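In: Mind looking at a prediction? Sequence and model below.
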Amino acid sequence: MIEIRVPTPDDYPGMVRQVRETFGGNEFTDEVSGREKNVLDFDRYRVAYDTRLGRIVGTSGTEAFEVTLPGGATLPMGGLTWVAVSPAHRRQGILTRMLDAIHADVDARGEPLGGLYASEATIYGRFGYAVATWRRTVRFDKRMGPLADHVVAPRGSIRLLSGDDPALVDELEPRWDRYRLGCVGELSRSRQRHEFVVASNDWDTTYALHDDGYAAWKITPQWNPAPPHHELRVLAFAASTTAASNALLATIASLDLVGDVVMGAPLVSPLPYLFQNSRLVHTERVEDAMWLRVNDVARVFGARTYGTDDDLVVDVDGTRWSMGGSGCSRTRKRADLMVSRRTLASLVLGGHDLQAQLAAGRIEARSADAARRAVTHFVSIPEPFCQTSF
């Protein structure tokens, strides 16, 4: 018999073992799992327990976040994580039962949004999740050309700390909060999550602090063939002002012996235009990042702002909603857009993905004019971006 229940801290070793068995690999070491235990709120988790075998065969849970919407409002979000079912227990409805329990818990907590990072893109659409942010990984060789003239780090604007500095979390917390409140799609981070991220990055990570932001990176030495061309991988880039962004980028570009720099960016990014030669910035890949699930349509779409003063009517699986400057409410007016529950969440944060979804037929418009209005209406500037994985 399979029981779905709330775990206790005593269940943690069994949860870790089950996740290791499901996902394989050696990423989930004892050291990593020991650190992550401090982030978990066990009341927000559900496990599947096989009473015959006397062991956990499925895990799932959420972490409490706030997500920033277009216009700067924030809403609570339950971030789904640790989702795994034992390979020996597939096709028995365990995943559905766990997620039903998780979603009921999120609803009971009054969280109008759910979110996740998908291990596989084919799993979560049927549970109402849709891609809400995208991540572009870019690479540039800083030796090949200078930054634009205005991209500078004024004297005294940047100071460096190592990953084991005891004051680091205190320095990062206020900077992150200022950054994430101005970045559509970004998430709040509890102190426990900050501590987890810093510990996971390890002592050899360098942090560059500006009054209005910070960046973190690791360097992989590459001495041969000469000359040295170390690779610098940016782990975080959180700037709440243009001056901070310029100063942090200029600092990275000034590091000795570094060749390639690799970092994440939104689909629409100013990065190429911060170099005198914009062709230096190459896109390595584009991939989905955070997915969202709308639990409360009126609350979610009533909290965000829109790109026009218009109101658009969106049909969500037969229920029509008027969304715009006057808020979000049910209506009997003719629909401009038709979406399913599994594509609705792609409208929450806006961005340029809506054009592609219309072209692909995943979202239907009543007319070409309605499609053009929708793209302008739901647009988000700047482009949604989330660099908090969970």
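Out: Looks like it arrived, so ask away. Numbering: from 1, shown residues only.
In: chain center to stretch 218-232: distance?
Out: 30 Å (CA atoms, centre = their mean, to the nearest Å).
In: Not counting it itself, show me its contacts.
Out: Stretch 218-232 has contacts (CB atoms under 8 Å, 6 or more residues apart in numbering) with 141, 143, 201, 204-206, 217, 233, 235, 252, 255, 257-262. C-betas here are computed from N, CA, C, even on glycine.
In: Could you check it and say which residues are buried?
Out: 219, 229-230, 232 (16 or more other CB atoms under 10 Å).
In: the strands in the stretch 201-350 of the chain, which residues?
Out: Applying DSSP state E, counting those that start in this stretch to the stretch 201-350 of the chain gives strands spanning 206-210, 213-220, 230-239, 258-265, 282-288, 290-294, 311-316, 319-324, 327-330, 337-339.
In: quick one: the third one to chain centroid distance?
Out: Here the centre of mass of C-alpha atoms in strand 230-239, compared against the chain's by CA atoms, centre = their mean, lies 16 Å away.
In: okay, the angle between it and strand 213-220?
Out: Angular relation of strand 230-239 and strand 213-220 on a 0 to 180 degree scale: 160 degrees, by axes from the mean of the first three to the mean of the last three CA atoms, to 10 degrees.
In: any idea which helix or strand of this protein has the worst average confidence?
Out: In the chain, the helix or strand scored least confidently by mean pLDDT, DSSP states H and E is helix 30-36, which has a mean of 68.
In: so what does the lengthiest strand in the chain touch, helix or strand wise?
Out: Longest strand in the chain by number of residues (criterion: DSSP state E): strand 55-68. Other helices and strands packing on strand 55-68, by 3 or more CB pairs under 8 Å, 6 or more residues apart in numbering; DSSP states H and E, are helix 12-23, strand 45-50, strand 74-85, helix 94-108, strand 113-117.
In: Worst mean pLDDT among the ones you listed?
Out: Mean pLDDT is lowest for helix 12-23 among these, at a mean of 90.
In: Quick check: the gap between residue 136 and residue 267.
Out: 6 Å (CB to CB, to the nearest Å).
In: Could you point out which residue ranges in the chain have low pLDDT?
Out: Within the chain, the stretches with pLDDT under 70 are 25-33.
In: returning to that earlier point: between residue 136 and residue 267, which has more neighbouring residues?
Out: Counted by other CB atoms under 10 Å, residue 136 and residue 267 do not tie: residue 136 has more neighbours, with 21 against 16.
In: so which strand or helix has that one?
Out: strand 134-141 (DSSP states H and E).
In: Which SSE is immediately downstream of that strand?
Out: Helices and strands here follow DSSP H and E; after strand 134-141, the next one along the chain is strand 159-162.
In: strands paired with that next one, and their directions?
Out: Strand 159-162 has the following strand partners under DSSP bridges: strand 206-210 (antiparallel).
In: Could you give the separation of the strand it pairs with from the chain centroid?
Out: A distance of 22 Å separates the C-alpha centroid of strand 206-210 from that of its chain, computed with CA atoms, centre = their mean.
In: In that strand, which residues are buried?
Out: So strand 206-210, judged by 16+ other CB under 10 Å, has buried residues 206-210.
In: Check stretch 115-133 too.
Out: Quick answer for stretch 115-133 (16+ other CB under 10 Å): 115-118, 124-125, 127-133.
In: right, and out of these, which lies closest to residue 191?
Out: Minimum distance to residue 191 across the buried residues of stretch 115-133 is 20.1 Å, recorded for residue 115 (CB to CB).
In: which residues touch the closest one?
Out: The contact partners of residue 115, by CB under 8 Å, 6+ apart, come to 65, 67, 77-80, 132, 187, 290-293.
In: which strand residues sit across from it in the sheet?
Out: residue 79, residue 292.
In: cool, residue 210 as well?
Out: residue 213.
In: wouldn't it be in contact with residue 158 here?
Out: Yes. Using CB atoms under 8 Å, residue 210 makes contact with residue 158 at a distance of 5.7 Å.
In: Mutual contacts of those two, please.
Out: 247-248.
In: if we can go back for a sec, looking at the buried residues of strand 206-210, which is nearest residue 195?
Out: Checking the buried residues of strand 206-210 against residue 195 by CB to CB gives residue 207 as the nearest, at 14.0 Å.
In: Tally up the residues packed near residue 341, please.
Out: When neighbours are counted by other CB under 10 Å, residue 341 registers 18.
In: Surely it and residue 318 touch.
Out: No. If you go by CB under 8 Å, residue 341 and residue 318 don't touch, sitting 10.3 Å apart.
In: Domain parsing of the protein, as residue ranges.
Out: Under the assignment automatic domain parsing, the domains of the chain span 2-111, 135-288, 296-378.
In: Quick check: bridge partners of residue 236?
Out: Taking DSSP bridges as the rule, residue 236 bridges to residue 216.
In: Quote the end-to-end distance of stretch 225-235.
Out: End-to-end distance of stretch 225-235 (CA to CA, to the nearest Å): 26 Å.
In: And stretch 128-136, by the same measure?
Out: In stretch 128-136, first residue to last residue: 24 Å (CA to CA).
In: And for stretch 322-333?
Out: By CA to CA, the extent of stretch 322-333 from end to end equals 8 Å.
In: just stretch 153-166 next, same as before
Out: Terminal residues of stretch 153-166 are spaced 25 Å apart (CA to CA).
In: Great, nothing more from me.
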